[in-house]
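K.L.:
give me a 3D structure for the following:
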Amino acid sequence: MINDSDPRRWVMAIIVYLGAVILAVIWNAIGPMMLTITNELEISFAKAGLLSGIVALVLGIFAFVSGTVSGALGIKNTTCLGITLMSVGCMISGYTADYNIVLLGRVIFSVGAGLFFPMLGAVIMQWFEGNELLILNSINFSGTAVGGALGLAITAPIMRLVGWQDTLLIYGGTCGVVALLAVLCMRDPLLSLSTGTDDSVTRDKFELGDILKRKETWLLALAFSAPVAISVVMPLSLPAYYVQTKGITITTASGLVSTVYLFGIPAAIAGGLLGVKAGVRKPFLIVNGLMLGCGMLGAVFLEGFLMRMCLGLIGIGLLFYTGIFFTIPMELDGMTPHAAGMMIGVITFVGMQFGFTAPLVVGWLEVATGTLKTGLIAYGCFGFLMAICPVFLKETGPARKMV
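P.N.:
Residues are numbered from 1 along each chain as shown. As a prediction, the model looks like this:
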């Protein structure tokens, strides 16, 4: 068992949290940049949307192989490599106004994000156990809400001062600082939390085929696809939709949508605390899906205060589930940190493919119908998938015998 008095574990937790924040900042920054990029590069909305959608595609692919990479390099080295590539890719995107170079940088950023994302859970599982897993998973994924809010709220003001390219350079440099901290400070523990042995000995007992055969993998993956698709569509298309329909500026629209994440930050932590108290998982995921779908549809159809409340529901739905959701693979029988990271990688891969197609579908529907509203409605309905899939899961929480 891991020595819970080892102060190094909190260093690991802080580093992966900072990585989650900067990942979300860089990904969501494209939303406020969309109209500027389409004008300056003279490209279509759908083509500009690829700069966000490609992140989901490539992130998903490399999250899928992250388990294999971590098996060869170790969890620590995979984490450091992922954050480093995130920094390099972001800086390449800001280096020139050539669309192909910008896209290349986004691909490199996405490779790094894909390697890093499953390590969020794997690093925590290496160093923590019990209720600490749920709480720290919730805190780490609240970091994605913090980053999402920052990416939407501060990008437009920074752009006005230095332009969109230098904004990306600033974000890439900040990510580079986090990468340096990871390289200098991260360590692998001596013992595996799950088995009390060196993780290099146990990690080969789980093959990818074992993970793919489990129905939990696919139910969780389909459930995850709903918030992923909405998390891509919402910051990318909703600000532009509000600009077109409400006559407000992109700065105002992006600031309005950024309030989504202000609700998500406490929701992620609250979800973890409630999950610990209740000791069950499925009911939280079902309620989460209902909030996600209703919030997205309300943000499209309603006005004023009700619209803002629905934006809040989206924020809660995007983050409330995270700590509970990503703890489930760690609670399945016989799972090691490496196996849990592998399952999270598969889940991420499937979900991110839906995230990749989301802006393309919205862009296609915008061309076909003349409005972004059609695509936003479609993905509002898609959000209810998160409420459906958990119904078919077995309960994994400590109170499962009572439900």
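
K.L.:
leaving out the residues flanking it, which one is nearest to Y17?
P.N.:
Counting by Cβ to Cβ, 6 or more residues apart in numbering, the nearest residue to Y17 once its immediate chain neighbours are dropped is G143, at 4.7 Å. Every C-beta, even on glycine, is put in place using the N, C-alpha and C of the backbone.

K.L.:
can you check I170 too?
P.N.:
I158 (6.9 Å).

K.L.:
about what we covered before: the helix or strand the residue nearest to Y17 falls within: how far from the chain's middle?
P.N.:
Applying DSSP states H and E as the criterion places G143 in helix 131-185. Its chain's C-alpha centre lies 12 Å from the corresponding centre of helix 131-185 when counted by Cα atoms, centre = their mean, to the nearest Å.

K.L.:
for the record, mean pLDDT for that helix?
P.N.:
On average, the pLDDT along helix 131-185 is 85.

K.L.:
can you pull the pLDDT of A223?
P.N.:
So, for A223, pLDDT stands at 94.

K.L.:
verify the stated contact: it with L292.
P.N.:
No - counting by Cβ atoms under 8 Å, A223 sits too far from L292 to count as a contact (10.4 Å).

K.L.:
joint contacts of those two?
P.N.:
Listed contacts common to A223 and L292 are M386; contacts here mean Cβ atoms under 8 Å, 6 or more residues apart in numbering.

K.L.:
mind jotting down where the helices sit in the stretch 201-350 of the chain?
P.N.:
Under the criterion DSSP state H, counting those that start in this stretch, the stretch 201-350 of the chain carries helices at the ranges 208-212, 215-246, 250-278, 282-301, 304-319, 322-331, 337-369.

K.L.:
how about those helices, which one is nearest C389?
P.N.:
For C389, the closest of the helices of the stretch 201-350 of the chain is helix 215-246, at 3.9 Å, according to Cβ to Cβ.

K.L.:
nearest residue to the residue nearest the centre of the chain other than its sequence neighbours?
P.N.:
Centroid check for the chain by Cα atoms, centre = their mean gives T144 as the closest residue, at 6.2 Å. Residue nearest to T144 in three dimensions, not counting chain neighbours: A24, with 4.3 Å by Cβ to Cβ, 6+ apart.

K.L.:
is the one you found in a helix, a strand, or coil?
P.N.:
For A24, the assignment made with DSSP: H, G, I helix; E, B strand; the rest coil gives helix.

K.L.:
and the nearest residue to L290 once chain neighbours are set aside, what does it touch?
P.N.:
In space, L290 comes closest to A387 once its chain neighbours are excluded; the distance is 5.0 Å by Cβ to Cβ, 6+ apart. When contacts are counted by Cβ under 8 Å, 6+ apart, A387 touches 285-290, 292-293.

K.L.:
just those now: which is nearest L332?
P.N.:
L285 (15.2 Å).

K.L.:
tally of neighbours for that closest one?
P.N.:
The number of residues packed near L285 is 24, by other Cβ atoms under 10 Å.

K.L.:
what do you get for F64?
P.N.:
21.

K.L.:
pass me the low-pLDDT residue ranges in the stretch 1-150 of the chain, would you?
P.N.:
1-6, 45-46, 67, 71, 130 (pLDDT under 70).

K.L.:
which stretches of it form helices?
P.N.:
Using DSSP H, counting those that start in this stretch, helices in the stretch 1-150 of the chain cover 8-28, 30-40, 45-73, 75-93, 99-127, 131-185.

K.L.:
buried stuff in the shortest one?
P.N.:
With burial defined by 16 or more other Cβ atoms under 10 Å, the residues of helix 30-40 counted as buried are 30-35, 37-38.

K.L.:
still on that earlier bit, what mean pLDDT does the helix or strand containing the residue nearest to L290 have?
P.N.:
Using DSSP H and E, A387 falls within helix 385-388. The average of the pLDDT scores along helix 385-388 is 94.

K.L.:
buried stuff in that helix?
P.N.:
Buried residues in helix 385-388, counted by 16+ other Cβ under 10 Å: 385-387.

K.L.:
rebuild the residues you listed as a markdown table, extending it with distance to G255.
P.N.:
Shown next, in a markdown table, are those (distance: Cβ to Cβ, whole Å):
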| residue | distance to G255 |
| --- | --- |
| L385 | 29 |
| M386 | 27 |
| A387 | 30 |
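
K.L.:
nearest to I170, of those residues?
P.N.:
Taking those together and measuring to I170 by Cβ to Cβ, the closest member is M386, at 34.3 Å.

K.L.:
I appreciate the help and will end here.
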